[in-house]
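A.B. asks: Next one to model:
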Amino acid sequence: MTATDAAPSDGRLRAGLRTLVAALMARGTSRTLPTAERVTRAGLLIWAPVLVALGIGGWFLLRFEPGLPHYGLALAGMLAAAGLAWLAPRGAIAGRLDWDRADLLRLGSLGVALALAGFLAAGLRLHLVAAPVMDYRYYGPVEGRVVEIDRSARDRMRVMLDRVTLRDTAPARTPRRVRLSLTGDIPLPQVGSRVMLTGHLGPPPGPAEPYGFDFRRAAFFEGLGAVGYTRTPILTVEPAPPRRLDATAVRLALSAAMQRGIGGQEGAVASALMTGDRSGIAESTNQLMRDSNLYHIVSISGLHMSMLAGFVYAALRLALAGVQAAGLLVGRPVHKLAALVALVVATVYLWLSGGGVPTERAWLMVAVMLAAVLADRRAISLRTVALAALVILLVAPEALVTPGFQMSFAATAALILLFPAWSRRAQLLPWVLRGAALLVISSLIAALATSPLAAAYFNRSAQYGMVANLLVVPVMGAVVMPAGVFAALLAPVGLAGPALWLMGLGTRWMLHVAELVTGWGGAVVTVTAPHWAAVPLGGTGATIALLALHGARGRLSRVIAALAGLMVLGGALLWLGTERPHLLIAGDGTAVGLMTPAGRVLSKPAGAFIADSWLRADGDLATAEEAAARPGWEGEKGGRQASLGEFRIVHLSGKGAADRVAQACTEGAIVILAARAPEGTGRDCLLLDQSRLARSGAMAGWLRKGQMRWISDETAVGARLWISPAVRRAWGLNETRRFSGEGAGAAEERPGAVGAKAKGDPAEPKGGGAETKEREAEREQP
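C.D. replies: Residues are numbered from 1 along each chain as shown. Predicted structure coming up:
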């Protein structure tokens, strides 16, 4: 770690600012800036993404959708703060301010400007990606272009369509993208082709419980406006146009060739590693790798990008060094040529993988590091990480609230902060042990940095994950990735077979290790979901504390670190004091979960995604069927009853459920109806039917001193553009349809309308939300 990577102390910061101003005022140039000023700039740079993230986080915490006046005020505030930061040192030079106050004023103004820039970036991004979201149920013909094929968490193939056309649906109400799960053995279409099918579509589902993972937000920023399924064959209306440089076609062709050349799940895993195509991996294999903490290896992320770029850079630099030893290219900066080629290879890898936020994030990190080599700068430092994080936050602010972003940068920053301490002591070890010790230390640091986040988001911890990674990651870097490069180079001449065989050995070893460690006792330990504010509070505090204590420590740095430590403590206390809801109600009324001494008891084993989410958040490994078999509910199917303190809980579902409301609705009863209640009912009890739940979303209740305290999804997240149909219409999305036809697509067109669960309701999407979170985040674990 060089001096330019250190955050300045208070005195050095002020001295650097004074020197900077003097140099600018006297010479009008920055070429003669002294070392102190460069240190100051480095210190400000590593704080910039933190301040921008505070603005983005504040924007996401709002329970209303900001309008033009709010953004106007934020823009004016940002410009005013930037102007004040510019004027502060000049005021000190003119004698109107002392330097201490000028320094604090400048730094505080810059902080406010960066935070407001994050707020504005989030709002701009939202409206750039804004597209119609289906707010009704649709059954009928669906036509569109296939842009992606993948596999869902329920082991079903899925297709994503864009340029969508729906019957009797105005273009202003047609989603930009829709995703459908394929039931049965339906032949897959070709990516890029235009297809037609008959499908069931509905809006992206909300959280399983208040403050749970919100698939609607993730789908909105992805441009995904509807999800559903189809049972009919897919008819190709127009074949995919031939393109020589079509990344999707090349990716799928390479994936198919690798799977044929290697075979089995080993080939599917190898294909995912090199091309990003995970459609061949069975869900049982996915779960095996999740339980062994190896899931991050099966998709292209920072690990793969750095391995590939590192191998190309090291191999080419070694080869060029041999050329120099032979008397050629003497005196040439061959390390820069190697870095340039590695950057090109990493860019091709990004293109081949099809992009995506995690892959783009990984490429950006590698690109910044290789660019530092080209510019004769230190490649791995907090500045490179801060620059990459800053670019990502400004371009895709929604990445901040994803587990993958948080875990990736937590691991990287922890390694960079702690690596100097290791490098000073590594010389005490024999050289033969340094590589193994470095692997163990780096895995331990990364695991400690990401384990709290993994436990908070996934409510489970792979106890032997570090052991599995120690056994697998070296093989991936030394065998699988190099073999993949050689296979790509030799494939045009038909000699890729030996390289693919070597790749298969590596991926077979990975699956063997995953199966081995998951067979050990206590491989997976569950963790109760924390309070929604615990992760933002503790994570922000930990980041601020580490940056404040990094480098020279002044009085101000120690004060900031102490306050940040209190934030970490507050987050930990919130987590420890979290009490799970006594009663959970699904947003469509089809599932109810009651907490008992034996664990949560389900009224019926329905809603696999919802039930699994509830049990996982409870830290419970039981299945939905096992939770439904626990004692707590009684009565016939469709009319289940339970007791919670003085309250009688009644869950009515199935045919004729609405007709039994009057009988069940007595004083002191809480009636959950999986249908719409008849007019005039529900006056003698608390009635939660599908009409009311459609407005409130999922509900959670706690029994406090004989009274029920409720929190709904509506009160938790408010009215945001990705949630509220009314807000979308106010911003010009989802305009009221003007068709008068009575086709199938015109049924249930009222925004937010939810009917009784029927054969035509989209069921598969409820598995898709959880999968999006798990895959996006787990592939970023180090």
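A.B. asks: rest of the way, CA atoms for contacts and neighbours
C.D. replies: Noted.
A.B. asks: secondary structure class for Ala700?
C.D. replies: Under DSSP: H, G, I helix; E, B strand; the rest coil, Ala700 falls in the strand class.
A.B. asks: Verify the stated contact: it with Ile711.
C.D. replies: Yes. With contacts counted by C-alpha atoms under 8 Å, Ala700 reaches Ile711, the gap being 5.3 Å.
A.B. asks: Among these two, which residue is more densely surrounded?
C.D. replies: Ala700 (23 against 20; other C-alpha atoms under 10 Å).
A.B. asks: residue contacts, the more buried one?
C.D. replies: Glu209, Pro210, Pro581, His582, Leu583, Leu584, Ile585, Trp710, Ile711, Ser712 (C-alpha atoms under 8 Å, 6 or more residues apart in numbering).
A.B. asks: can you list residues touching both of Ala700 and Ile711?
C.D. replies: Contact criterion C-alpha under 8 Å, 6+ apart; residues bridging Ala700 and Ile711 by contacting each: Pro210.
A.B. asks: re the thing from before, most neighbours of all the contacts of Ala700, which one?
C.D. replies: That'd be Leu584 among the contacts of Ala700, by other C-alpha under 10 Å, with 28 neighbours.
A.B. asks: List the contacts of that residue.
C.D. replies: Glu209, Val592, Gly593, Leu594, Ala698, Met699, Ala700, Gly701.
A.B. asks: Now with 7 Å, please.
C.D. replies: Leu584 makes contact with Val592, Gly593, Leu594, Met699, Ala700, Gly701, according to C-alpha atoms under 7 Å, 6 or more residues apart in numbering.
A.B. asks: Can you tell me which of the contacts of Ala700 is closest to Leu547?
C.D. replies: Using C-alpha to C-alpha, Pro210 comes nearest to Leu547 of those, at 33.1 Å.
A.B. asks: Quick check: nearest residue in space to the closest one, chain neighbours excluded?
C.D. replies: Asp713 (4.4 Å; C-alpha to C-alpha, 6 or more residues apart in numbering).
A.B. asks: Next, the contact list for the one you found, please.
C.D. replies: Contacts of Asp713 by C-alpha under 7 Å, 6+ apart are Glu209, Pro210, Tyr211, Ser696, Gly697, Ala698, Met699.
A.B. asks: What pLDDT is listed against it?
C.D. replies: Looking at Asp713, its pLDDT reads 93.
A.B. asks: Check Leu320 too.
C.D. replies: 87.
A.B. asks: And it, how close does it get to Ala342?
C.D. replies: 14 Å (C-alpha to C-alpha, to the nearest Å).
A.B. asks: Likewise for Gly732?
C.D. replies: With distances taken as C-alpha to C-alpha, Gly732 is found 45 Å from Ala342.
A.B. asks: State the mean pLDDT of the one helix or strand Val373 maps to.
C.D. replies: Using DSSP states H and E, Val373 falls within helix 357-374. In this model, helix 357-374 has a mean pLDDT of 80.
A.B. asks: Check which helices and strands that helix is in contact with.
C.D. replies: Where contact means 3 or more C-alpha pairs under 7 Å, 6 or more residues apart in numbering; DSSP states H and E, helix 357-374 is packed against helix 302-325, helix 334-353, helix 382-395.
A.B. asks: Buried residues in the shortest one, which are they?
C.D. replies: The one in question is helix 382-395. Buried residues in helix 382-395, counted by 16 or more other C-alpha atoms under 10 Å: Leu382, Arg383, Thr384, Val385, Ala386, Leu387, Ala388, Ala389, Leu390, Ile392, Leu393, Leu394.
A.B. asks: pLDDT averaged over that helix, what's the number?
C.D. replies: Here the average pLDDT along helix 382-395 is 87.
A.B. asks: can you pull the alpha-carbon coordinates of that helix into PDB?
C.D. replies: What follows is helix 382-395, C-alpha atoms only, in PDB (Å, rounded to 0.1, in the frame of the first residue of the first chain):
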ATOM      1  CA  LEU A 382      -8.600   1.500  -2.400                       C
ATOM      2  CA  ARG A 383      -8.700   4.100  -5.100                       C
ATOM      3  CA  THR A 384      -9.300   1.600  -7.900                       C
ATOM      4  CA  VAL A 385     -12.100  -0.100  -5.800                       C
ATOM      5  CA  ALA A 386     -13.600   3.300  -5.000                       C
ATOM      6  CA  LEU A 387     -13.500   4.400  -8.600                       C
ATOM      7  CA  ALA A 388     -15.200   1.200  -9.800                       C
ATOM      8  CA  ALA A 389     -17.800   1.500  -7.100                       C
ATOM      9  CA  LEU A 390     -18.500   5.200  -7.900                       C
ATOM     10  CA  VAL A 391     -19.000   4.500 -11.600                       C
ATOM     11  CA  ILE A 392     -21.400   1.600 -10.800                       C
ATOM     12  CA  LEU A 393     -23.400   3.600  -8.400                       C
ATOM     13  CA  LEU A 394     -23.800   6.500 -10.800                       C
ATOM     14  CA  VAL A 395     -24.600   4.300 -13.800                       C
END
